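Novice: Requesting a structural model of the entry that follows:
(chains A and B)
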Amino acid sequence: GAVVSQHPSRVICKSGTSVKIECRSLDFQATTMFWYRQFPKQSLMLMATSNEGSKATYEQGVEKDKFLINHASLTLSTLTVTSAHPEDSSFYICSAIYPNQPQHFGDGTRLSIL
Amino acid sequence: AQSVTQPDIHITVSEGASLELRCNYSYGATPYLFWYVQSPGQGLQLLLKYFSGDTLVQGIKGFEAEFKRSQSSFNLRKPSVHWSDAAEYFCAVGARAGANNLFFGTGTRLTVIP
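Specialist: Modelled structure (predicted):
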């Protein structure tokens, strides 16, 4: 069964709306969670690394104020796309790790901004 | 610099035929190598991984991969493909067993013909 749950699976909203995506590790405490973005027919691009209780580390070119990440507990990280615009439409995937284990991925969130 | 190359963007095979998906990597340290599979609209599922030891690793769903250090390759194979194997396959390399971001290849889309 799934070890990482991502919610919602699909979001359609108007431009200017803020959207929150949740990533939960179901049966383990994730020391680190990652947020990826995937454009159609392309690979995953790491957006940020999220460690519980500390600020997220963003990859170059990713706007911190645009993509807010909160990792309040060892089982939950959230990504908030603030004031979303059509160019933010994408597939967002989170992953979680436990020390010395491979990343477990969520099923992704399809975000469509009208 | 770290990079992963999957030379084949799209491969089509007949059901029951053998399959080999190519992956070449460039990494400055000892690589930890992974193959993930992604079905449409979903997250990534780990097929197999290589950390050390036997260079031929077995994974789920009948897949295997062979690590060849001299060729910087980690090709994925399956003796007999099933229609349900149609998906996108990603090769990835990381710094160590369970942490850090992964560097993904651009993926190979597998189509299976009945």
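
Novice: Note down every partner strand of the lowest-mean-pLDDT helix or strand in chain B and its orientation.
Specialist: Lowest by mean pLDDT, DSSP states H and E among the helices and strands of chain B is strand B:103-104, with a mean of 88. Strand partners for strand B:103-104, identified by DSSP bridges, are recorded as strand B:87-94 (antiparallel).

Novice: returning to what we had before: just how off-centre is the least confident helix or strand of chain B within its chain?
Specialist: Centroid displacement of strand B:103-104 relative to its chain, using C-alpha atoms, centre = their mean, to the nearest Å, is 11 Å.

Novice: what packs against the following helix or strand past that strand?
Specialist: Note on strand B:103-104: by DSSP states H and E, the next helix or strand toward the C-terminus is strand B:108-113. When contacts are defined as 3 or more C-beta pairs under 8 Å, 6 or more residues apart in numbering or on different chains; DSSP states H and E, strand B:108-113 packs onto strand B:10-14, strand B:19-21, strand B:87-94. Using the backbone N, CA and C atoms, a C-beta is placed for each residue, glycine as well.

Novice: Pick the most deeply packed of the ones you listed.
Specialist: The highest average neighbour count among the helices and strands packed on strand B:108-113, using mean count of other C-beta atoms under 10 Å in any protein chain shown, belongs to strand B:87-94 at a mean of 24.

Novice: quick check: angle from it to strand B:108-113?
Specialist: Relative orientation of strand B:87-94 versus strand B:108-113 (axes from the mean of the first three to the mean of the last three C-alpha atoms, to 10 degrees): 150 degrees.

Novice: Show me the contact partners of strand B:87-94.
Specialist: Outside of strand B:87-94, the residues within contact range by C-beta atoms under 8 Å, 6 or more residues apart in numbering or on different chains are A:43-44, B:2, B:4, B:6, B:21, B:23, B:25, B:27, B:31-40, B:44, B:47, B:74, B:76, B:100-105, B:107-110.

Novice: Restricted to buried residues, select those residues in PyMOL.
Specialist: Selection of buried members from the contacts of strand B:87-94 for PyMOL, criterion 16 or more other C-beta atoms under 10 Å in any protein chain shown:
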select buried, (chain A and resi 43+44) or (chain B and resi 4+6+21+23+25+27+31+32+33+34+35+36+37+38+44+47+74+76+100+101+102+103+104+105+107+108+109+110)
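
Novice: is it possible to export the helices and strands packed on strand B:108-113 to JSON lines including distance to A:Leu74 and mean pLDDT?
Specialist: Output for the helices and strands packed on strand B:108-113, formatted as JSON lines (distance: least, C-beta to C-beta, whole Å; pLDDT from 0 to 100):
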{"stretch": "strand B:10-14", "distance to A:Leu74": "40", "mean pLDDT": "97"}
{"stretch": "strand B:19-21", "distance to A:Leu74": "35", "mean pLDDT": "98"}
{"stretch": "strand B:87-94", "distance to A:Leu74": "21", "mean pLDDT": "93"}
